[in-house]
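*Asks:* Below: sequence and its predicted model.
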Amino acid sequence: MRAILPLFLAIVAAGFALTDSVSAQGGYTTEKHADLGLTFPRARDYEQIPTQPDEEFVVLYYAEKLPKDPKERPKAIRPEFYVLWIDHVPDAPAKAKTPANPEGPVPRGGTGDSEDEGEDGQPKRPRINSIDRYVDQRWPMFGLSQPGDPKVRQGWTGREYTLAPKKGAGQLKAGGWVLAYSKPERTIAFVGIGPQDDMEKQNKIWRAMAEKVDFDEPESMSTAKLEQMYARSKLTDIPYRIGVRQKLVRGWKAEDLEHYIVVYDTVDQPLMRKVFRDVELIRKEYEKLFPSDKPVTAVSTVRVCKNREEYLAYGGMPGSAGYWNSSTEELVLYDAEVVTKDRKKSDADTFIVLYHEAFHQYIHYSAGELPPHSWYNEGHGDFFSGATIKDGKMRGIGVNPWRVQYIKDVIGVNKSIPWAEIIKYEQPQYYDKTKIGICYAQGWSMIYFLRTCKDVAAKPEWAKILPTYFDVLKNTYQASCAELEAAGKKDDVSAHNKAGYEARQKAVEEAFAGVNLDEIEEAWRIYTLGLETPKEK
């Protein structure tokens, strides 16, 4: 991303002469930008200058007009005025011993560590989500003062700052002024920069432009316009979809599907067309194996970040490739395109993550908003990651290329976890840093074995394991929730957590009732070692 540099600084860097503020003030004219929801007076002596197509934060850029006669341009600094749009995208969480619930999948047998993070677990370069960070990262030659007393305008809280050259900025004889208006979702900042010896005059102009701004809903986020757009739609949960669109970060796009609304920041249109098609197709496979007692009508957001850096800045845990956040109803991943050995571009990793995380979204609702044991939950996510969808049709489910060789190696050195233990692991045990890679690979292989091995289908006590677990989990938890509601504890989080734990315990006990764990584990080992590992491209 190419950052806008104040024009006079770019000229200084190039070694050219600068211009002075010579025009007399010619009054103001109204600037109305419906796409931004902003209306404000613009000094007639300032002209608008286009921003670069890839500029992320500067939405409007003005500079004082130059005299037509070059002889009237003595050496000095040309005043400039910026309007910045800074969305309040949260920082990635600090690194934790156990990833946030629910989290995954871990790429290719990883341990949860990542070279993309700093010592504090944050991305090395924190995302710009405030005026302070913008100045620090984009205009590092300036220091931002402490803010003045807040002033409220049309529901926005305004704070005033000054900009001054930092020590070491050389002979920079420039200064600036900032009025930043904030709401929980974003900051709109008006910034003026000009010569220090003309600051009094320019400050009056900048204040007149910034202090009289009128705020409205940006045209694309207008509730009335969005309601009109959806007026004849047969899509479910229109209010949720409108809410998602109104929170879109600048530059992101949205696409409505039957069960999802996809928001994305990648320009790879072929990738996104496949995402739109595949996420609905793979959902039909989930519905076949995990029928819900009542229709799952909830709409989920699928967020596709443009790269790994943006994914981590948004909140992705280091060491993960995607996650489903049940509290925000978001499935988050990134465009993980790679160039293969034969120099072809491949999006395979992107869809491994998509098929995995979309399963978590579906099972969350079909199981009554209770996550199953991790071997069952993550194992099935990885099972569906082996799906092959081509020409709009499901062609089959094969081995997960991230897991198969890893678990074969683990079994080969006798490092696998006994079935009697792993089937009862709660998430903190499954995510233990010392064995998370083994857990993910083994969870996948257990599900793959139970779903595809002919020996399993031939033994009724083995064939019942997966459907029994799901039915008992769902029915037990629903019954407990009904009892809690009758007792006036519908919103008692602790009671619901206890009920969920007990439902998982009962599900695993009944699923494996009558199963000789040593026998099934040995059959699993033999079957898994016989699986073919796909060749690396």
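*Replies:* Cool, the structure landed.
*Asks:* which of the residues in stretch 214-226 are buried?
*Replies:* For stretch 214-226, the neighbour count (16 or more other CB atoms under 10 Å) marks 215, 218, 220-222, 226 as buried. (Glycine included, C-beta is placed from N, CA and C.)
*Asks:* for stretch 268-280, that is, sorry about that
*Replies:* Buried residues in stretch 268-280, defined by neighbour count with 16+ other CB under 10 Å: 268, 271-272, 274-276, 278-279.
*Asks:* With stretch 445-460 instead?
*Replies:* Neighbour-count burial for stretch 445-460 flags 445-450, 452-453, 456, 459 (criterion: 16+ other CB under 10 Å).
*Asks:* how's the chain carved up into domains?
*Replies:* Taking automatic domain parsing as the reference, the chain has its domains at 7-91+126-216, 248-529.
*Asks:* As JSON lines, the ones you listed with mean pLDDT and distance to residue 237 would be great.
*Replies:* Below are the domains of the chain laid out as JSON lines (pLDDT from 0 to 100; distance: least, CB to CB, whole Å):
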{"stretch": "domain 7-91+126-216", "mean pLDDT": "84", "distance to residue 237": "21"}
{"stretch": "domain 248-529", "mean pLDDT": "91", "distance to residue 237": "4"}
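*Asks:* Of those domains, which stretch is the most buried?
*Replies:* Of all those, domain 248-529 has the most neighbours on average by mean count of other CB atoms under 10 Å, namely a mean of 18.
*Asks:* Now the terminal residues of it, how far apart.
*Replies:* Domain 248-529 has its terminal residues 47 Å apart, counting by CA to CA, to the nearest Å.
*Asks:* Distance of residue 126 relative to residue 312?
*Replies:* 10 Å (CB to CB, to the nearest Å).
*Asks:* how close does residue 167 get to residue 132?
*Replies:* From residue 167 over to residue 132 (counting by CB to CB), the distance is 18 Å.
*Asks:* again but with residue 39, I slipped
*Replies:* 27 Å.
*Asks:* Touching, residue 419 and residue 521? I think so.
*Replies:* Yes. Assessed by CB atoms under 8 Å, residue 419 is found in contact with residue 521 at 4.6 Å.
*Asks:* Would you agree residue 505 falls within a strand?
*Replies:* No. The assignment for residue 505, made by DSSP: H, G, I helix; E, B strand; the rest coil, is helix rather than a strand.
*Asks:* got the contact list for the residue nearest to it when sequence neighbours are not counted?
*Replies:* Once flanking residues are discounted, residue 505 sits nearest to residue 424: 7.6 Å by CB to CB, 6 or more residues apart in numbering. Residues near residue 424 by CB atoms under 8 Å, 6 or more residues apart in numbering: 373, 505, 508.
*Asks:* host element of the last one?
*Replies:* Assigned by DSSP states H and E, residue 508 falls within helix 493-511.
*Asks:* what's the next secondary structure element after that helix?
*Replies:* On the C-terminal side of helix 493-511, the nearest following helix or strand under DSSP H and E is helix 517-529.
*Asks:* elements contacting that next one?
*Replies:* Other elements packing on helix 517-529 under the criterion 3 or more CB pairs under 8 Å, 6 or more residues apart in numbering; DSSP states H and E are helix 404-412, helix 419-422, helix 436-452, helix 454-458.
*Asks:* what about the strands in the stretch 251-400 of the chain?
*Replies:* Taking DSSP state E, counting those that start in this stretch as the criterion, the stretch 251-400 of the chain carries its strands at 253-256, 260-264, 300-305, 322-325, 330-334, 338-339, 345-346, 387-390, 393-397.
*Asks:* Surely residue 291 and residue 366 touch.
*Replies:* Yes. With contacts counted by CB under 8 Å, residue 291 reaches residue 366, the gap being 7.4 Å.
*Asks:* What are the contacting residues of stretch 255-268?
*Replies:* For stretch 255-268, the surrounding residues in contact (CB under 8 Å, 6+ apart) are 233, 235-236, 240-241, 244-245, 248-249, 251-254, 272, 275-276, 279-280, 283, 296, 299-306, 310, 331, 335, 337, 347.
*Asks:* Keep only those of those that are in helices.
*Replies:* Members of the contacts of stretch 255-268 lying in helices (criterion: DSSP state H): 240-241, 244-245, 272, 275-276, 279-280, 283, 310.
*Asks:* For those, work out which two are farthest apart.
*Replies:* 283 and 310 (25.6 Å; CB to CB).
*Asks:* my guess is residue 83 contacts residue 60, does it?
*Replies:* Yes. Counting by CB under 8 Å, residue 83 does reach residue 60; the two are 3.8 Å apart.
*Asks:* Kindly point out which residues are neighbours of both of these two.
*Replies:* Shared contacts of residue 83 and residue 60, counting by CB under 8 Å, 6+ apart, come down to 36, 38.
*Asks:* Quick check on residue 88: phi, psi?
*Replies:* Torsion angles at residue 88 (phi, psi; degrees, to the nearest 10) stand at phi -90, psi 60.
*Asks:* repeat for residue 30
*Replies:* Main-chain torsions, residue 30, degrees, to the nearest 10: phi -80, psi 130.
*Asks:* Name the nearest residue to residue 236, ignoring sequence neighbours.
*Replies:* Closest residue in space to residue 236, ignoring its immediate chain neighbours: residue 297 at 5.2 Å, by CB to CB, 6+ apart.
*Asks:* same deal with residue 187?
*Replies:* residue 86 (4.4 Å).
*Asks:* what sits up against the host helix or strand of the one you found?
*Replies:* Residue 86 belongs to strand 80-87 when assigned by DSSP H and E. Contacts with strand 80-87, where a contact means CB under 8 Å, 6+ apart, come from 4, 6-8, 36, 38, 43, 46, 57-64, 128-131, 134, 185-194, 205-206, 209, 249-250.
*Asks:* partners of it in the sheet?
*Replies:* Strand 80-87 has the following strand partners under DSSP bridges: strand 58-64 (antiparallel), strand 186-195 (antiparallel).
*Asks:* Would you mind putting those into TSV with distance to residue 412 alongside?
*Replies:* Compiled in TSV, the strands paired with strand 80-87 are given as follows (distance: least, CB to CB, whole Å):
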stretch	distance to residue 412
strand 58-64	57
strand 186-195	53
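*Asks:* looking at those, which is closest to residue 474?
*Replies:* With CB to CB as the measure, strand 186-195 is the member of the strands paired with strand 80-87 nearest residue 474 (40.5 Å).
*Asks:* Sounds good, over and out.
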